[in-house]
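# Okay, structure incoming, though there's no sequence with it:
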């Protein structure tokens with residue numbers, strides 16, 4: 001059946017074919033979990049998607065907003081997959097530089113005075129703020 005004869009495709013097949021998810025079972029699981037929506041409606045895996053629909057897909061904690069321009073039900077190469085949708089996803093905000101959490105080994109006990117001063121320096125705190133001046 002050619003694309004012009006086909007009016008719709010299952011949403012799980014389409015998001016897998018345009019390479020939003022690596023496997024078809026992952027796409028189906030995402031639909032079941034409510035991570036896929038068509039025109040702002042959360043849908044099941046068998047829901048039909050048509051040309052012109054807006055599809056919201058949650059991948060890795062971020063939402064992608066895609067407009068369907070071509071129906072695909074088989075996985076194709078990445079350049080061909082990009083032609084099947086228009087990406088309306090807003091640009092991501094830049095990551096804020098957050099220092100890595102400081103973790104002490106279990107059973108290491110309380111930090112020594114020297115270690116505490118080093119931790120204060122790492123965290124950007126004033127190591128002398130708790131000191132009394134006589």
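Structure received. A quick note: this is a predicted structure, and the numbers were derived from the prediction, not measured. Numbering: from 1, shown residues only.
# If we go by neighbour counts, what in stretch 63-79 is buried?
64, 66, 68, 70-72 (16 or more other C-beta atoms under 10 Å). Using the backbone N, CA and C atoms, a C-beta is placed for each residue, glycine as well.
# which residues sit against that stretch?
By C-beta atoms under 8 Å, 6 or more residues apart in numbering, the surrounding residues in contact with stretch 63-79 are 3, 6, 8-10, 13-14, 16-20, 49-58, 81, 83-90.
# related to what we said a few turns ago, closest to residue 102 out of the buried residues of stretch 63-79?
Using C-beta to C-beta, residue 64 comes nearest to residue 102 of these, at 34.5 Å.
# helix, strand or coil for the closest one?
Recorded secondary structure, residue 64: strand (DSSP: H, G, I helix; E, B strand; the rest coil).
# Could you measure from it over to residue 35?
Residue 64 sits 10 Å away from residue 35, going by C-beta to C-beta, to the nearest Å.
# which helix in the protein runs the most residues?
Ordering each helix of the chain by length in residues (DSSP state H) puts helix 113-123 first.
# on that earlier part again, list the residues that contact both of residue 64 and residue 35?
Contact criterion C-beta under 8 Å, 6+ apart; residues shared by residue 64 and residue 35: 57-58.
# Show me which residues of the helix or strand bottoming out on mean pLDDT in the chain are buried.
Within the chain, confidence by mean pLDDT, DSSP states H and E is lowest for helix 113-123 among all helices and strands, at a mean of 86. Judged by neighbour count using 16+ other C-beta under 10 Å, helix 113-123 contains no buried positions.
# Check stretch 25-40 too.
Under 16+ other C-beta under 10 Å, the buried positions of stretch 25-40 are 27-28, 30-31, 35-38.
# What is the nearest of those residues to residue 118?
residue 35 (42.9 Å).
# So residue 16 is in contact with residue 24, correct?
Yes: Residue 16 is within contact range of residue 24, at 4.6 Å (criterion: C-beta atoms under 8 Å).
# Cheers, nothing more for now.
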